[in-house]
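Q: Take a look and give me a structure for this.
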Amino acid sequence: MLKLLTWNICFRHFELKKRITNLCEYIDYLDPDIVCLQEVTQESFLLMQKWFLDKYHIYNSNHVPRQRTPSLYDDDEEKEDFMIKESEFKVRHFLIILSKYPLEQVKKIHFPQTKYHRFLFSGIFFKNNEKYYVCNTHLETFPHHEKMRIAQWKYCLFCAYCNRADHCFIMGDFNILETDVIPWKIPYGFTDVWEEMYPEKDGYTFDSFENYMAKGKYMGRLDRIYVTMKKQNIENIQIIDEQFECENEKKKIGYVSDHFGLFLQIKNEK
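A: Numbers count the residues shown, from 1 in each chain. This next block holds a predicted model:
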């Protein structure tokens, strides 16, 4: 089974250490193969990178990609030398991809139309002789940027399609509002997984009535996962929120962000 998680972890400093600890516990429990995070800051990255250094290859949109696996280090001192230092950061917040598979052709592709320097962060990996293309993104935020946001949405799908991979995953905070006009039929053979699996459910990943970190009075399915797979290949997709209970540990971990996470499980190929 292939497992994927996307989460906008919120750039705000509010109870940051506690929130990042909760995020790391969720990832430990869910054990995803691919994790796409948005709104990662210098502080949040420095808190989480030690946690994942031995478990994932870490790709940071703010730096030249580096592969990190236990085999890379002979001792803890060498590992410390390899970690990104505080002085290396350049922007307010960025994207990262955690992957159990080494990614190739990692790219940061800026959108032709963008107000706030938004981009697509992507790479490919191979599993069972098949090519997988994974994308992480965070589209324009404000309601009046609807046309720009939809253009970025289409550009994500087009870039993934052009890679000619056997399987494509586009994940992230798309900020698509109920008033945004997107094509009824998604181009290039992509499927909105939540809409395909649970068309009768709202699927809100931003909910100011259920998440006290979410500002305003708004509910929306801002975070999404698009795939080029048929429904029969999808095991499950679920929202990870404060009510998510770790079955084995019989406990709730707690909140992470003003957004909820989205967790996808793909069946093994037969």
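Q: Show the pLDDT at the closest residue to Cys24 other than its chain neighbours.
A: The shortest distance from Cys24 to any non-neighbouring residue, by CB to CB, 6 or more residues apart in numbering, is to Trp51 (4.5 Å). Using the backbone N, CA and C atoms, a C-beta is placed for each residue, glycine as well. According to the prediction, Trp51 has pLDDT 87.
Q: mind listing the helices for the stretch 1-150 of the chain?
A: Assigned by DSSP state H, counting those that start in this stretch, the stretch 1-150 of the chain shows helices spanning 16-30, 42-52, 76-82, 146-162.
Q: so which of those helices comes closest to Tyr212?
A: helix 16-30 (12.4 Å; CB to CB).
Q: That closest one packs against which elements?
A: Helix 16-30 sits against strand 2-8, helix 42-52, with contacts defined as 3 or more CB pairs under 8 Å, 6 or more residues apart in numbering; DSSP states H and E.
Q: Could you dump those into CSV and include mean neighbour count and distance to Phe94?
A: Formatted as CSV, those follow (neighbours: other CB atoms under 10 Å; distance: least, CB to CB, whole Å):
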stretch, mean neighbour count, distance to Phe94
strand 2-8, 24, 12
helix 42-52, 18, 8
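Q: Reformat those into a markdown table and put distance to Thr21 next to each item.
A: As requested, these are arranged in a markdown table below (distance: least, CB to CB, whole Å):
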| stretch | distance to Thr21 |
| --- | --- |
| strand 2-8 | 14 |
| helix 42-52 | 8 |
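Q: about what we covered before: ok, now how distant is the residue nearest to Cys24 from Lys267?
A: Going from Trp51 to Lys267 by CB to CB, to the nearest Å gives 29 Å.
Q: Comparing the helices and strands packed on helix 16-30 by mean pLDDT, which bottoms out?
A: Looking at the helices and strands packed on helix 16-30, the bottom one is helix 42-52 with a mean of 90.
Q: Please name every helix or strand in contact with it.
A: If contacts are counted by 3+ CB pairs under 8 Å, 6+ apart, helix 42-52 sits against helix 16-30, strand 57-60.
Q: count of residues packed around the nearest residue to Lys230 once chain neighbours are set aside?
A: With sequence-adjacent residues excluded and distances taken as CB to CB, 6+ apart, Lys230 is closest to Thr191, at 7.9 Å. Using other CB atoms under 10 Å, Thr191 has 17 neighbouring residues.
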